[in-house]
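*Asks:* This is the structure alone, sequence omitted:
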């Protein structure tokens, strides 16, 4: 018997994340699970920023709440915005702290050198590999957002 | 509206693959989808072995490898899988498992791929890579990557009961 009671969608508001959220909502409804939606804001400590970091966190929280207003009708939703230098680590920490059963992450579907150069930086894509507390993750939700696919160069 | 009609579980018969199959079954049951379980075997005739470039020339060997994988698949899939879930076992032959799985998923119009991952990190991950990760990056559909089931069978109620005792 597999128990899916808490699902976590990590979002950066990009189309791939929107697709992950759509998928998460469907799974939450099907399995009667609650949906946790997490956004990780880059840590601006000791860096020059165009605006107040606290205002930025508040703005992202508002955006997230607006985004989820429709979802709340049929699903229990928990919204969280956290500040971290390491997005993957922040997602995994949140999942551990909240005993999440599944993490859903949208990915850009990078391949080849772009994937390896990206792997050097802390990203949400590394969360599945590091998330020991979650039994599975859903990635590559690009197929749910076909408009985001870029045309391949000839 | 998201529809899941075909669920492909990729297996190498390891422990994480068993966990992936458990999820595949559950999803197939929940969504009324068909379960397809695929194993990728080496293409021994085109693979070069060792530093001297040793190549297998016995065509029977390929058949034996595929037959052995088929027997393992028959053990993994039970009658309930075949009956209620319309489960189908598939042997793919390739030296690049990720590409074979992605091509098969595209060809069959699979809605979601479920596969186990060993979760290697650091140098091991950089050197050896990960079949699951390559599938995630190139698949035409969502991919569920299942880790070792350390969390799977622990139900919160059971945990509370143990703590209280």
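*Replies:* Received, thanks. Bear in mind the structure is a predicted one, so any value in this text is a computation, not a measurement. Numbering: from 1, shown residues only, chains lettered A, B, ... in the order given.
*Asks:* tell me what the helix or strand containing residue B:98 is packed against?
*Replies:* For residue B:98, the host element (DSSP states H and E) is helix B:97-108. Counting contacts by 3 or more C-beta pairs under 8 Å, 6 or more residues apart in numbering or on different chains; DSSP states H and E, helix B:97-108 packs against strand B:6-10, strand B:34-41, strand B:88-93, strand B:112-116, helix B:131-138. Heads up, the C-betas are built off the backbone N, CA and C, glycines and all.
*Asks:* at contact distance from chain A, anything in the second one?
*Replies:* No - residues of strand B:34-41 contacting chain A under C-beta under 8 Å from any C-beta of the partner chain: none, with a closest distance of 14.3 Å.
*Asks:* partner strands of that strand, parallel or antiparallel?
*Replies:* strand B:6-10 (parallel), strand B:88-93 (parallel) (DSSP bridges).
*Asks:* how about the strands of chain A, start to end?
*Replies:* A:6-10, A:34-42, A:77-84, A:102-105, A:136-139 (DSSP state E).
*Asks:* To residue B:131, which of those strands lies closest?
*Replies:* For the strands of chain A, proximity to residue B:131 was assessed by C-beta to C-beta; strand A:136-139 is nearest, at 13.8 Å.
*Asks:* if we can go back for a sec, what's the angle from the helix holding residue B:98 to strand B:88-93?
*Replies:* In terms of direction (axes from the mean of the first three to the mean of the last three C-alpha atoms, to 10 degrees), helix B:97-108 departs from strand B:88-93 by 130 degrees.
*Asks:* Can you give me the buried ones in helix B:97-108?
*Replies:* Within helix B:97-108, the residues that qualify as buried are B:97-102, B:104-105, counting by 16 or more other C-beta atoms under 10 Å in any protein chain shown.
*Asks:* tell me how far that helix is from the chain's mean position?
*Replies:* Its chain's average C-alpha position is 12 Å from that of helix B:97-108, according to C-alpha atoms, centre = their mean, to the nearest Å.
*Asks:* what does that helix contact?
*Replies:* B:6, B:8, B:10, B:12, B:36, B:38, B:40, B:90, B:92-94, B:110, B:113, B:115, B:131, B:134-135, B:138-141 (C-beta atoms under 8 Å, 6 or more residues apart in numbering or on different chains).
*Asks:* if we go to 7 Å?
*Replies:* By C-beta atoms under 7 Å, 6 or more residues apart in numbering or on different chains, the residues outside helix B:97-108 that reach it are B:6, B:8, B:10, B:36, B:38, B:40, B:92, B:94, B:113, B:131, B:134-135, B:138-141.
*Asks:* Equivalent analysis for stretch A:59-76, please.
*Replies:* A:13, A:25, A:28-29, A:34-35, A:37, A:39, A:41, A:77, A:79, A:81.
*Asks:* and the end-to-end length of that stretch?
*Replies:* End-to-end distance for stretch A:59-76: 22 Å, by C-alpha to C-alpha, to the nearest Å.
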